[in-house]
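S.K.: Okay, predicted coordinates and the sequence, questions at the end:
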Amino acid sequence: MGRETVIALVGKPSSGKSTTLNSLTDANAKVGAFPFTTIDPNKATGYLEVECACSRMKLQSQCKPNYGYCRDGKRGVPIMLLDVAGLVPNAHLGRGLGNKFLGDLTEADALIHIVDASGTTNAEGKATRGYDPLADIEWLQDEIFRWILGNLTERWGSVVRRHTATKSSTLETLRAQLGGYSANKQLIGKALDLLPGLAPLQEWDNETIEKVVKAFMKVKFPTILALNKMDHPDADKNVSKIILKYPDTKAVLTSSITEVFLRKLAGQGYIKYDSGTEFIDTADDIPGLKPLDDKLRNRIENIRDLVLYRFGSTGVVQLLQAAAETLDLIPFFPVRSMNFNGEVFRDCVLVKRGTPVILVARKIMGEVTIASIEGVGGNRVSEDDTVDVGKNDILSFKVVPGGR
């Protein structure tokens, strides 16, 4: 069965990383026997919000997820989050919790870098004013680069000698050297494809090795920037600078503390809040909600004006959606039958767009012998067909009895 996708959250102290982690989890979501129910202390279950198949099939009233949630056709699909500690300058030299920080990154398929866009915390996370958050982005990338480069070059002479003696391909040699970062041949090959015309490995100079490391970083550690504290007065100018400097990097403006606050009020019955949108209802709009006192009412109005109406949402829901888009993940709905009687769409898993149907089956069911695959409308689907949103993303697998 395939390894589960892991999204790592990184950020310096006081950037809002812990608050962002809390905002990405959902205390009201149903926990079930999905693959990472039992998790380490530095891991948490986030919920990627996608359109549920029940919305497409007009079966919202019958949708009963085994885990996560479905609210008005919006499905919360579990995804593993990794809280990476120890992000300080010179982590690659072992400073702070640097060794643990970099070691934890090997598990990650993508990084969400929480950046304090307000510029009110310095590189160490201490309070200040006028700090340039561009520096945080640059030194995170530099720390990862120096870590990988250092590990590769300290034994480069013996790597080249072995490569020459065994007449290995560049891909095979790099697989042996970079496999410790949970990188397979396909991923390393993708990195090499970014460097057409690359000289034979035994001819690489320091500049070429650095180019290879940067290409590897691009495919192994794709990064989404969470530009947090977006409602701070100083954030606008910093956000503009960051987007101008990194136009090809996905950036999401967030206010994680606002998201946590609104969810708390919703849980206490003061408001109805549609996460990921600008909409908040109070007792003035919906009878039965608890009345707000003047202090809460003023705070809600400020949040509407400074965050929700201005930016359209707190950005938190969009953060995991940006990560999924970067990794090309889509929701897949395995069903027992295409009759859709009773409770439907109990399960939903994330798979890579374009994955062959047979590999999806193995991810869900393990090594089994498939007798037939049925799609919506009773159509037969080939094992070699691929999945996409709206195409082979709702399937029923019929297994040969005793076919394990």
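M.R.: Right, received. Where do you want to start?
S.K.: now the residue at the greatest distance from the centre of the chain, what's its secondary structure?
M.R.: The centre of the chain is farthest from one residue, Ala165, which by CA atoms, centre = their mean lies 40.9 Å away. What DSSP: H, G, I helix; E, B strand; the rest coil gives for Ala165 is helix.
S.K.: Could you report the distance from it to Leu174?
M.R.: Distance from Ala165 to Leu174, counting by CB to CB, to the nearest Å: 16 Å. Quick note: C-beta positions are derived from backbone N, CA and C, even for glycine.
S.K.: Over to Asp72?
M.R.: 47 Å.
S.K.: And those two? Which one has more around it.
M.R.: A direct count of neighbours by other CB atoms under 10 Å for Asp72 and Leu174 places Leu174 higher, at 23 against 10.
S.K.: Excluding covalently adjacent residues, which one is nearest to that one?
M.R.: Ile188 (5.1 Å; CB to CB, 6 or more residues apart in numbering).
S.K.: Remind me which helix or strand the residue nearest to Trp156 when sequence neighbours are not counted belongs to.
M.R.: Leaving aside its sequence neighbours, Trp156 sits nearest to Ile209 (CB to CB, 6+ apart; 7.2 Å). For Ile209, the host element (DSSP states H and E) is helix 206-220.
S.K.: could you dump that helix to CSV, C-alpha only?
M.R.: Output in CSV follows, covering the C-alpha atoms of helix 206-220 (Å, rounded to 0.1, in the frame of the first residue of the first chain):
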residue,chain,number,x,y,z
ASN,A,206,30.6,22.4,-7.6
GLU,A,207,28.3,24.7,-9.6
THR,A,208,26.6,21.7,-11.3
ILE,A,209,26.2,19.9,-8.0
GLU,A,210,24.5,23.0,-6.5
LYS,A,211,22.1,23.1,-9.5
VAL,A,212,21.2,19.5,-9.0
VAL,A,213,20.5,20.0,-5.3
LYS,A,214,18.3,23.0,-6.1
ALA,A,215,16.3,21.0,-8.7
PHE,A,216,15.9,18.2,-6.2
MET,A,217,14.6,20.6,-3.5
LYS,A,218,12.1,21.9,-6.0
VAL,A,219,10.5,18.5,-6.5
LYS,A,220,11.1,17.1,-3.0
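S.K.: Residues contacting the helix or strand where Asn22 lies, please?
M.R.: Taking DSSP H and E as the criterion, Asn22 maps to helix 17-24. Under the contact criterion CB atoms under 8 Å, 6 or more residues apart in numbering, helix 17-24 has outside partners 9-11, 44, 46-47, 81, 83, 112, 114, 226, 228, 254, 256-257, 259-260, 263, 314, 316, 319-320.
S.K.: buried subset of the residues you listed?
M.R.: 9-11, 44, 46-47, 81, 83, 112, 114, 226, 228, 254, 256-257, 259-260, 263, 314, 316, 319-320 (16 or more other CB atoms under 10 Å).
S.K.: now the strands: where do they sit in this protein?
M.R.: Per DSSP state E, the chain carries strands over the ranges 6-10, 43-51, 69-71, 74-83, 110-116, 223-228, 251-253, 272-273, 280-281, 329-334, 349-352, 370-375, 394-399.
S.K.: Mind putting the ones you listed into TSV with distance to Phe145?
M.R.: Output for these, formatted as TSV (distance: least, CB to CB, whole Å):
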stretch	distance to Phe145
strand 6-10	14
strand 43-51	25
strand 69-71	39
strand 74-83	20
strand 110-116	13
strand 223-228	12
strand 251-253	20
strand 272-273	41
strand 280-281	43
strand 329-334	26
strand 349-352	26
strand 370-375	44
strand 394-399	42
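S.K.: May I see those organised as a markdown table, with mean pLDDT and distance to Ile358 added?
M.R.: Output for these, formatted as a markdown table (pLDDT from 0 to 100; distance: least, CB to CB, whole Å):
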| stretch | mean pLDDT | distance to Ile358 |
| --- | --- | --- |
| strand 6-10 | 94 | 24 |
| strand 43-51 | 93 | 23 |
| strand 69-71 | 93 | 27 |
| strand 74-83 | 93 | 22 |
| strand 110-116 | 96 | 26 |
| strand 223-228 | 98 | 31 |
| strand 251-253 | 98 | 35 |
| strand 272-273 | 96 | 42 |
| strand 280-281 | 96 | 46 |
| strand 329-334 | 97 | 13 |
| strand 349-352 | 96 | 12 |
| strand 370-375 | 94 | 7 |
| strand 394-399 | 94 | 10 |
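S.K.: mind checking which of those is nearest Glu124?
M.R.: Checking the strands of the chain against Glu124 by CB to CB gives strand 110-116 as the closest, at 11.9 Å.
S.K.: For the helix holding Asn22, C-alpha coordinates in PDB please.
M.R.: The C-alpha coordinates for helix 17-24 follow below in PDB (Å, rounded to 0.1, in the frame of the first residue of the first chain):
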ATOM      1  CA  LYS A  17       2.700  28.100  13.400                       C
ATOM      2  CA  SER A  18       1.000  26.500  16.400                       C
ATOM      3  CA  THR A  19      -2.200  28.600  15.800                       C
ATOM      4  CA  THR A  20      -2.200  27.600  12.100                       C
ATOM      5  CA  LEU A  21      -1.800  23.900  13.100                       C
ATOM      6  CA  ASN A  22      -4.800  24.300  15.400                       C
ATOM      7  CA  SER A  23      -6.800  26.000  12.700                       C
ATOM      8  CA  LEU A  24      -6.200  23.200  10.200                       C
END
